[in-house]
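Enquirer: Only the shape, not the letters, is given here:
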C-alpha cells in the first residue's frame, strides 16, 4: 500500500468511535416543523432524509480519493431516535462500557436530554413495539428464548446489484415519474398510497444528488486553500466525480466506486439498517470499468488498487451504530457486516472469477482491517488458484475472507422460488445469509435459543432460572416412557415459542411499514419502484423472514446424551438427570464426565449423534419454513449466531451434554467447543449430513494452527477440505488460523496484540474487543493440531 | 475374517503420504527406538495408560478390576496400578469416566477398519489422498496388514505402507506388491549405533530396502533426525551415499525430532525406556536438506 493509503488506514484505525447528535438533531428539527404534519408518512420521511443530507456537515479527509462520511468525521456515529431513542443513561453506558464503547460529550447528552428524548420518547419504534407486544412475547424475550432484531435497528439486510452502475439517480427519477404518470386512479384503490411512496422515492433521489453536489462544492472550496498542485488536481477530479455521480451512471472505475459509496451512505443515513448495506458482487460490477480503463490507459492496476484501498477505508470509518441491552449482547461488535463478495458465477452460469477478483484479494490482504468484511464464492467452476489465493490470506490469520459455496447458495435461492438468473447474481451478506442481491428483502428477525426451549420442555413449561411458567405444559419428563415422547414435548414447546415470535414479528413489521417507510432504499431494490410499494411494506421482488437457530451442536449433544444415557443404555434415570442439572452437576461430577467423555457427540462423524442432529434440524425447519409473513413472503430458517451463543448460554442452566450453567452454547452449526475429537474431516462429514439447501445459510467455524498451512501443500489440503465440504453441499466455512497460545498471550499482554483479528462467527473482530467470555470461548474451540 | 490389533485411526493425516489421508496405526513393533513417540505401538497386545492428573479419586475402577491390581494412592491420592498383576483387560478403563485409565489397542476386523477409512473417501478423491498403514510396525501383523491393504486397494483407495523394513522379505514384498507407496524409515547407517538406539541391527532393513528398490515401486525414504544421533555430517554423507545407489528412491522426508512423549511413557509405566533428545538446529536441518537436494533427491520437511 502506498503512503496515501497508509495514512488513511492509520487515521481510520486510530479514530475514536463517538456518538454524534448531528442526525438526531436534524431529523428532530424536521419532524417538529409544521411541514411534517402536513404530508404523508413516506413524504415525511423522505423530506426528513433530504433535510439531513442538505444540512449535515460535509467531511473531506486529507488525501482521500473516495469521499463522504456518515457522520461529521470518521467513526463519529449518528443515532436513529425514530427507531430507538437512547436515554442519557444509555449514552453514559456506551461511553464507559469496556467493550464496543462510543464516547459522547456533554453537548450531545444535553441535546438528548433537552430535545431528542422529549420528542421521541414513546414515539420511537422501540417504544411503540414494547407497548404493542403481548405479555407472552415479553416473557419469552426476557427469558432469553429469542432476541429481537428490529428493536434497535431497522430491518435492512439487503445488498445492491448492478443497477447503480447502469443507471444514475436521474434515470431512477425518470422511472419513478413514469410510475406516477401510469397510476390508475380510476381502478387502483391503492393509487394514492403508491403515488405518495413514489413521490417520496423521488425526493430521496434528489436528496442524494444534492448531498453529492455539496461534496463537489466542498472540494472546489478546498482547492482554493490547497498549496500542493497534485492534491489540487485530485480535488478538482473529486469535484468532477461528485458532480456526475450519483446523478448519472458512472463512466469509469473511480466514478463507479464513488457511486456505490454515495448509495451506501444514503442507505445507512436513512436508517441504521441491520447488517449494513453492501456492494455485493464487487468484482463482477467493477470488471467492465476496470477492463475498459486498462484498455484506454485511464487506469493502471496500481491506480485501481489505490482507489479500491481508499474505498476500503471508508467502510472502516463507519462502525455499527451503537447497540445496548440484549442487542449489544447478541451482536457485540463494531463491525457492521458489509460483506464484499468475490468470485462466484456470472448470470449466464459461466465462471465469474476475473483478474479483478484477484486484485480485490490483494487489497483484502494488504488492508487487513475490520471493515469491510470479505468472502469468496467458490463454485464447482471456480479455478483452484483462486481458492488457494484466498486461503493464503486466511492463513495470515485475520479470519478473512470466509469461504462460500456458490452452487449451494443458488440451490437455496431457487428452492425458495427465485429465478435462476436472480440466484446467480446473488450471494451472501451479513454473516452467511443468502439473498437475491438488489431484489430481496431478507429480514433477520431474531436469534432463537434451541437449548433453552429444551430446558423448558424438561421442566414442563417452567423456566428454571426464574421459576416462571412461560411454556406449555407438556408433561413431567420422568413420566415419558420413550425418547420419542420427550422429543414430542420439545417439538410442542418449539412450536409454541416460534408462534409467539412470528406473531410478534407481524406487529413489528407493520409498525415499520406504517410508521417508518424507507423511500431511499426502495429506489435500489426491485420491484419497489415498479410496484409503488415501500421496501418495508413488501415492495421487494422477494420477501423472506428468518429466525436464526442457535445451538444446533449443543442441542444434538444434549439430546444424544439423553437418548443414549437415559433411554437406550439406562445409565441414569430422568429423575437423577434432572437433579444433576438443577444442581449444576454439583455432586454429580462422574455423571458429567460420562456425558463429556462417553456419549456420542456431533462433529465426530458419529452416525448416532448425527441422526439426532437431523431430527433437530427437521423439527426447526418444520416449525418455521414456509409460514407467511406480513410482506407477502415466507419464513425460512438459517443457523448462525454472531455473538449470541454467549448470551444464550448465560441464560441457560446446565445441560445434559455436560455443559455447566452459564457457559456458552455452540455457535452456528459448529460442534460444541472441544467436543470434536476426530479432526476436521469428521466435523465436515457431520455438518455435511444436514440439508443446507433447505436453509438460507449455515455457519461453520474451524480453527487451524498455522503450522498446518505452512506450505503450498498445506494450502492445497485445506483447499481440498473446502471442496469436499462443498461437494456435500455445505454452505459456508471459515477458518481461524491462530494458536491458542497466541490468544492466551494476547489476554496477558493486550498492549502487544491490539491488531490481533480473529474469526468470531460470520465475521472477524479484534480479539481484544471481544468480551472475556467470548475470548475464552474462542480459545476453547477445537484446535486441529498438526501432530 | 482376519482380526488385527490397532491402537489408533487418525483422520486428516496430511504427513503420511500425498493428500488428505487416514492413517491406521497397527500395534506391535520389533524395534525399540529410544525416540519413539508412540510407545503404545510397541507391545503387540493392549496397553493401559494411567493418567494420574485426570484421576478424580472416585475409585470406581478398584472394584471393576478382576485382577485386584488397582489401589488407592497414598493419602487418598490418584489410583495406582500394579503392572505385575494387570493383564490389560480394560475393565478399569470401562469404569473410568474421567479418562484417567484409557486403553490403547483394540482388536478389529479388516472390514471394520476399511469401513472407517471409507468415511473420508470424498476427501481422498479431492486431494489425491488415501489410507496409510503405520504403527508400530504394520508388518509385525503380516496377514492383517496384507489383507487390509488388499481390501483398501480393492475399494479403489490409494494405499501407503509406513514401515521400518524390519520384517521377513517375503512379508514386505507381499505387502509392497499391493501398496501404491512405501514410506520407508532409514534411521542410521552405522550398525553399532543403530543397535544402540533401536535395539536391533540395521542389516535386514537396509537389505530389504535394496531389494524393494528393484520392485519398481514408489518409495519415499523418511529419516527421523535427532541432534547428536544421526544429524552429523558423516551420518548424512553415509545416508546420501547409500540412498543414491537405489534408483527407486527419489524422495526423502526429513522428520525433525520434537520433544513430548515423555508423558506417554510415564503413563504406560515404561519411564525406563524413555530418553530425551534434541532436534537438529534450523541451520543444521537446512544443511542436511541441501545435502539431499545436491544429491538429486526431492526433499520434504516433515513427512
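Expert: Great, that's in hand. The structure displayed is predicted, hence computed values, not measured ones.
Enquirer: low-scoring stretches of the chain, by residue?
Expert: Defaulting to chain A. For chain A, the stretches flagged by pLDDT under 70 are A:707, A:751-752, A:754-755, A:759-764, A:781-787.
Enquirer: that's the wrong chain, I wanted chain B
Expert: Low-confidence segments of chain B (pLDDT under 70): B:259-261, B:303.
Enquirer: Let me see the ranges of the helices in it.
Expert: B:61-64, B:91-95, B:110-118, B:121-127, B:142-154, B:169-178, B:191-198, B:203-213, B:233-244, B:262-268, B:282-294 (DSSP state H).
Enquirer: Go through those and name the closest to residue A:87.
Expert: helix B:121-127 (54.3 Å; CB to CB). Heads up, the C-betas are built off the backbone N, CA and C, glycines and all.
Enquirer: circling back: so can I have CSV of the helices of chain B showing mean neighbour count?
Expert: Below are the helices of chain B laid out as CSV (neighbours: other CB atoms under 10 Å in any protein chain shown):
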stretch, mean neighbour count
helix B:61-64, 17
helix B:91-95, 19
helix B:110-118, 18
helix B:121-127, 22
helix B:142-154, 21
helix B:169-178, 18
helix B:191-198, 16
helix B:203-213, 18
helix B:233-244, 16
helix B:262-268, 17
helix B:282-294, 15
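Enquirer: Name the residue of the stretch 1-150 of chain A with the shortest distance to chain B.
Expert: residue A:144 (30.6 Å; CB to the nearest CB).
Enquirer: Contacts only, for whichever residue of the stretch 351-500 of chain A sits closest to chain B.
Expert: Chain B sits closest to residue A:384 of the stretch 351-500 of chain A, with a gap of 10.5 Å, by CB to the nearest CB. Residues near residue A:384 by CB atoms under 8 Å, 6 or more residues apart in numbering or on different chains: A:716, A:719.
Enquirer: 10 Å instead?
Expert: By CB atoms under 10 Å, 6 or more residues apart in numbering or on different chains, the contact list for residue A:384 reads A:378, A:715, A:716, A:719, A:720, A:723.
Enquirer: Same question for residue B:280.
Expert: B:225-232, B:254, B:256-257, B:286-288.
Enquirer: How about the residues of the stretch 51-200 of chain B by chain A?
Expert: Proximity of the stretch 51-200 of chain B to chain A, by CB under 10 Å from any CB of the partner chain, involves residues B:54, B:56, B:58, B:60, B:94, B:96-100, B:102, B:116, B:119-129.
Enquirer: Show the contacting residues for the most centrally placed residue in chain B.
Expert: The residue lying closest to the centre of chain B (CA atoms, centre = their mean) is residue B:135, at 3.4 Å. Contacts here follow CB under 10 Å, 6+ apart; on that basis residue B:135 touches B:6-8, B:23-29, B:31, B:38, B:41-42, B:141, B:145, B:162-164.
Enquirer: Quick check: the residue of the stretch 1-150 of chain B nearest chain A.
Expert: Counting by CB to the nearest CB, the stretch 1-150 of chain B gets nearest to chain A through residue B:127 (3.4 Å).
Enquirer: okay, now the domains of chain A?
Expert: Domains of chain A are assigned by automatic domain parsing as A:278-436+A:700-737, A:442-696.
Enquirer: In JSON lines: these, plus distance to residue B:17.
Expert: Formatted as JSON lines, the domains of chain A follow (distance: least, CB to CB, whole Å):
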{"stretch": "domain A:278-436+A:700-737", "distance to residue B:17": "11"}
{"stretch": "domain A:442-696", "distance to residue B:17": "15"}
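Enquirer: ok so, going back, could the helices of chain B be laid out in JSON lines, adding distance to residue A:201?
Expert: Below are these laid out as JSON lines (distance: least, CB to CB, whole Å):
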{"stretch": "helix B:61-64", "distance to residue A:201": "75"}
{"stretch": "helix B:91-95", "distance to residue A:201": "71"}
{"stretch": "helix B:110-118", "distance to residue A:201": "59"}
{"stretch": "helix B:121-127", "distance to residue A:201": "49"}
{"stretch": "helix B:142-154", "distance to residue A:201": "65"}
{"stretch": "helix B:169-178", "distance to residue A:201": "72"}
{"stretch": "helix B:191-198", "distance to residue A:201": "82"}
{"stretch": "helix B:203-213", "distance to residue A:201": "78"}
{"stretch": "helix B:233-244", "distance to residue A:201": "77"}
{"stretch": "helix B:262-268", "distance to residue A:201": "69"}
{"stretch": "helix B:282-294", "distance to residue A:201": "66"}
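Enquirer: Quick one: closest of those helices to residue B:221.
Expert: Nearest of these (CB to CB): helix B:233-244, 6.0 Å.
Enquirer: the inter-axis angle of the closest one versus helix B:282-294?
Expert: Orientation check (axes from the mean of the first three to the mean of the last three CA atoms, to 10 degrees): helix B:233-244 against helix B:282-294 gives 30 degrees.
Enquirer: Residues touching helix B:233-244, excluding its own?
Expert: B:186-190, B:193, B:206, B:209-210, B:213, B:219, B:221, B:223, B:225, B:229-230, B:232, B:249-250, B:252, B:284, B:287-288, B:291-292, B:294-297.
Enquirer: Among the domains of chain A, which comes closest to residue B:68?
Expert: The nearest among those, by CB to CB, is domain A:442-696 at 21.8 Å.
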